[in-house]
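Visitor: Need coordinates for the below:
(chains A and B, ligands or ions: 2)
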Amino acid sequence: MLDTELAIIGAGPAGMAAAIEAANCGIASVLIDEQQSVGGQIYRDVERVAPLRGAMLGQDFLDGLPLAEGTHSPLITHLAGAVVWQVEKDGTITCSVKDQARQIKAQRILIATGAIERPMPLPGWTMPGVMTVGAGQILLKQSGLIPNKAVLIGSGPLLYVLASQMLKAKTPPLAIIETQTMGDLTKAMKHIGGALRGWRYLLKGTKLLSALKMGGVKRYTGASNIRLEGEGAVASVSFQCGARSHTIPCDTALLHHGVVPNVQISRALQLDHHWDAQQACFSPSLDEWGKSSEATIFIAGDGAGIGGAKAADLCGRIAALKLASELGKLDEENLQQRAAPLKSALLKENAARPFLDRAYPPFKDAQSPQDKTIVCRCEEVTAGEIRKTIALGCQGPNQLKAFLRAGMGPCQGRGCGLTISTLFAEQTGKSMQEIDYFTIRSPLKPITLGELASLKQKDVERLF
Amino acid sequence: MKTASGFNSLEDASGASQSLVPVRFDGQDYMLPEGANLAASLLTAGVSVFRNAPATGAPRGPFCMMGVCYDCLVNIDGITQQACQTSVEANMNVCKPATPADLNTEDDHA
Ligand SMILES: Cc1cc2nc3c(=O)[nH]c(=O)nc-3n(C[C@H](O)[C@H](O)[C@H](O)COP(=O)(O)OP(=O)(O)OC[C@H]3O[C@@H](n4cnc5c(N)ncnc54)[C@H](O)[C@@H]3O)c2cc1C
Ligand code: FES
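Guide: Residues are numbered from 1 along each chain as shown, chains lettered A, B, ... in the order given. Ligands and ions are numbered 1, 2, ... in the order given. Reported below is the predicted structural model:
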């Protein structure tokens, strides 16, 4: 068992910034991540990748370099390739490193596990060749791979980011099929004031869009009735824009309609969560410092609510300062003084969110999929089967698990949980808060007997 | 077996050389870059089906590339693992993980 003052789970911008800020206050931390190198989703593997293709990935990617370099501090122990599968309220963290289970005992825990892509169940989305835009980004960043004949489908800035990177690499997507409508933009305009305060985002967005236009990337907006077609692998996508139908042949279709907090660990800890209507997701309930309903556990970054990389960095630092004060390394006056500029920067950073969230809302057809569409990829359960079970009087997501096995597969409901809660709310008229979400239990990721065997007998007994 | 890959590798274009090591997938031999992401390397080599879904046997391949979806599950030297979270090592013996249907057929033969 490794003892530490502070354990940070997740080495993205939030976790890296928190570890650095904590080190500045004299706190030693263990920074745990399942990836082999620090960076998280946006700055994935940045130290290795920046010299290879930093120019193509752009400044937003290179911004991660100083953070990654900052984690090489004697006060920060980076536990790489460590998959966390259990966290307990007493500060015990169990993870697997190369088939060996390891335990860490921390006085305080910061969860910085980021976001996952919002599930986007569409007809045909389980076929090989259909992936997420995030997956497209990871292939490009980590492995230097670009799909030859790809379409990007959905909504949100990440579509433009990937398309422009592909364009720079001289393999632009065949088309971007966007689901947001003019009506969404009109609604978003009411929040343009905030967006103007966060003008950098607007400017970046406009620059991206004009680069795509100059590059001849075809965009369709207000798309509906989207179907992925093919025999055994995706071969085309069909959709409608207004009265016109379109079919585009493709090898790869990349889906995306936003990201949502990865709440797997906070849910398993049974921390308080609430439904965030504006971002259409469940978020952990936190105070201004990121402290959860359990006093020794903090959450920062996209896992606390979607804000993007810069906001994640700031939240990580703010949480680290408060943790330092609670660990007796920072007095109240210093805490307030050092936190004040970070808090005002965070306000500015979040100013554009209300506009972005409304301009690029989730795709309705994917939130409430057609009956034949598979919702739970692991157990192959369709929306129709789920609706039928709800109509029979099924009481909620947890009971549905028992009836249909939806959410019982290896992904533990990461890919279907939100859709299933939404289907319940839609059919019963109850609120999302009332319906709530699957109960999540450890182990958070499937583990092997060998991993269990590598723990001491008394630790194993404590786990179950 | 699909061989033409749907992906372009920038690494090849930039001439970056990584040593290639033999990896077997479903009985076929491939030379893959040592230490590279296994899912990405198999996709580049033209493999698109990594496993079959347990209930219907429908073909599946990597979807999220970040360890969330488990559609990249493969059997590596006897242990079922996520290919997107694994690095290429020399002489890995990789195959599609068994589905309940496979196990039933095995029983039938017994
Ligand atoms: C696939 C994907 C791609 C994205 N690309 C971009 C982009 O290009 N540009 C952009 O502006 N935004 C992007 N985003 C949004 C981006 O996630 C955030 O803006 C930012 O990365 C959030 O930082 P974070 O520190 O909160 O979390 P992240 O950067 O997501 O870091 C979380 C870390 O936690 C680790 N982790 C999670 N669970 C466990 C566990 N159980 N055990 C061990 N480690 C764990 C992960 O490996 C990861 O490294 C992307 C999001 C996703 C999901
Ligand atoms: S591709 Fe989703 S877990 Fe590997």
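
Visitor: what pLDDT does whatever residue of chain B ends up closest to ligand 1 get?
Guide: When scored by C-beta to the nearest ligand atom, chain B has B:M66 as its residue closest to ligand 1, at 5.2 Å. Just so you know, the C-beta spots here come from the backbone N, C-alpha and C atoms, and that holds for glycine as well. Note for B:M66: predicted pLDDT of 96.

Visitor: The one 3 residues further on now?
Guide: pLDDT for B:C69: 96.

Visitor: Spit out the contact partners of the residue nearest to it when sequence neighbours are not counted.
Guide: Among residues not flanking B:C69 along the chain, B:F63 sits closest, at 4.4 Å (C-beta to C-beta, 6 or more residues apart in numbering or on different chains). Taking C-beta atoms under 8 Å, 6 or more residues apart in numbering or on different chains, we find B:F63 in contact with A:130-132, A:135, A:377, B:69, B:71-72.

Visitor: Kindly report the same for A:K218.
Guide: With C-beta under 8 Å, 6+ apart, A:K218 has these contacts: A:174-176.

Visitor: Save those as JSON lines, and put in neighbour count, secondary structure and pLDDT too.
Guide: JSON lines is the format used below for the contacts of A:K218 (neighbours: other C-beta atoms under 10 Å in any protein chain shown; DSSP: H, G, I helix; E, B strand; the rest coil; pLDDT from 0 to 100):
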{"residue": "A:L174", "neighbour count": "20", "secondary structure": "coil", "pLDDT": "98"}
{"residue": "A:A175", "neighbour count": "21", "secondary structure": "strand", "pLDDT": "98"}
{"residue": "A:I176", "neighbour count": "25", "secondary structure": "strand", "pLDDT": "98"}
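
Visitor: residues from chain B in reach of ligand 1?
Guide: Proximity of chain B to ligand 1, by C-beta under 6 Å from any ligand atom, involves residues B:M66.

Visitor: ok, 8 Å please
Guide: Within chain B, the positions lying close to ligand 1 (C-beta under 8 Å from any ligand atom) are B:64-67.

Visitor: Tell me which two of the residues you listed sit farthest apart.
Guide: Using C-beta to C-beta, these span at most 8.2 Å, a distance reached by B:M65 and B:G67.

Visitor: So for these two, which residue has more residues nearby?
Guide: Comparing B:M65 with B:G67 by other C-beta atoms under 10 Å in any protein chain shown, the one with more neighbours is B:M65, at 26 against 17.

Visitor: Can you classify the closest residue to that one other than its chain neighbours by secondary structure?
Guide: Once flanking residues are discounted, B:M65 sits nearest to A:A135: 3.8 Å by C-beta to C-beta, 6+ apart. Per DSSP: H, G, I helix; E, B strand; the rest coil, the secondary structure class of A:A135 is helix.

Visitor: The residue nearest to A:I76 when sequence neighbours are not counted and A:P157, how far apart?
Guide: Nearest residue to A:I76 in three dimensions, chain neighbours excluded: A:A19, at 4.8 Å (C-beta to C-beta, 6+ apart). The gap separating A:A19 from A:P157 is 27 Å, by C-beta to C-beta, to the nearest Å.

Visitor: returning to what we had before: run through the residues that contact the residue of chain B closest to ligand 1.
Guide: Contacts of B:M66 (C-beta under 8 Å, 6+ apart): A:41, A:116, A:134-135, A:138, B:84.

Visitor: Just name the closest of the residues you listed to ligand 2, please.
Guide: B:C84 (3.2 Å).

Visitor: Please give me every residue in contact with the closest one.
Guide: B:37-40, B:62, B:64-67, B:72.

Visitor: I'd like to know the beta-bridge partner residues of A:G154.
Guide: A:E178, A:H256 (DSSP bridges).

Visitor: Surely it is in contact with A:E178?
Guide: Yes - contact status for A:G154 versus A:E178: in contact at 7.2 Å, counting by C-beta atoms under 8 Å.

Visitor: Which one (most neighbours) among the contacts of B:F63?
Guide: In those, the most neighbours by other C-beta under 10 Å go to A:T132, 30 neighbours.

Visitor: Can you tell me how far the residue nearest to that one when sequence neighbours are not counted is from A:G136?
Guide: Nearest non-adjacent residue to A:T132, counting by C-beta to C-beta, 6+ apart: A:E117, 4.9 Å away. Distance, A:E117 to A:G136, using C-beta to C-beta: 11 Å.

Visitor: Up against chain A, what does chain B have?
Guide: Residues of chain B lying close to chain A by C-beta under 8 Å from any C-beta of the partner chain are B:2, B:6-11, B:14, B:16, B:36-37, B:40-41, B:43-44, B:48-50, B:53-56, B:58-71, B:73, B:79, B:85, B:87.

Visitor: tell me which parts of the stretch 101-250 of chain A are close to ligand 2?
Guide: Residues of the stretch 101-250 of chain A lying near ligand 2 (C-beta under 8 Å from any ligand atom): A:131, A:135.

Visitor: all helices of the stretch 101-250 of chain A, in order?
Guide: A:133-143, A:157-168, A:182-189, A:192-197, A:199-214 (DSSP state H, counting those that start in this stretch).

Visitor: was I right about the residue nearest to B:M65 contacting A:A253?
Guide: No - contact status for A:A135 versus A:A253: not in contact, 11.0 Å apart, counting by C-beta under 8 Å.

Visitor: if we can go back for a sec, inside strands: which ones of the contacts of B:F63?
Guide: Using DSSP state E, the members of the contacts of B:F63 that fall in strands are A:130-132.

Visitor: give me the low-pLDDT residue ranges for chain B?
Guide: B:1-4, B:11-17, B:101, B:103-110 (pLDDT under 70).

Visitor: switch the cut-off to 80
Guide: Applying pLDDT under 80 to chain B flags residues B:1-4, B:11-18, B:100-110.

Visitor: cool, the stretch 1-150 of chain A as well?
Guide: For the stretch 1-150 of chain A, no range has pLDDT under 80.

Visitor: Is chain B within reach of whichever helix or strand A:L52 is part of?
Guide: Element membership of A:L52, judged by DSSP states H and E, is helix A:46-57. Yes - residues of helix A:46-57 contacting chain B under C-beta under 8 Å from any C-beta: A:52-53, A:56.

Visitor: what about that helix, distance to the chain center?
Guide: Helix A:46-57 sits 22 Å away from the centroid of its parent chain (C-alpha atoms, centre = their mean, to the nearest Å).

Visitor: Look up phi and psi at A:S442.
Guide: Dihedral angles of A:S442 (phi, psi; degrees, to the nearest 10) stand at phi -70, psi 160.

Visitor: any idea how far it is from chain B?
Guide: Distance from A:S442 to chain B, counting by C-beta to the nearest C-beta, to the nearest Å: 16 Å.

Visitor: Among A:A19 and A:P157, which residue is more densely surrounded?
Guide: Each of A:A19 and A:P157 has its neighbours counted (other C-beta under 10 Å); A:A19 has more, 31 against 17.
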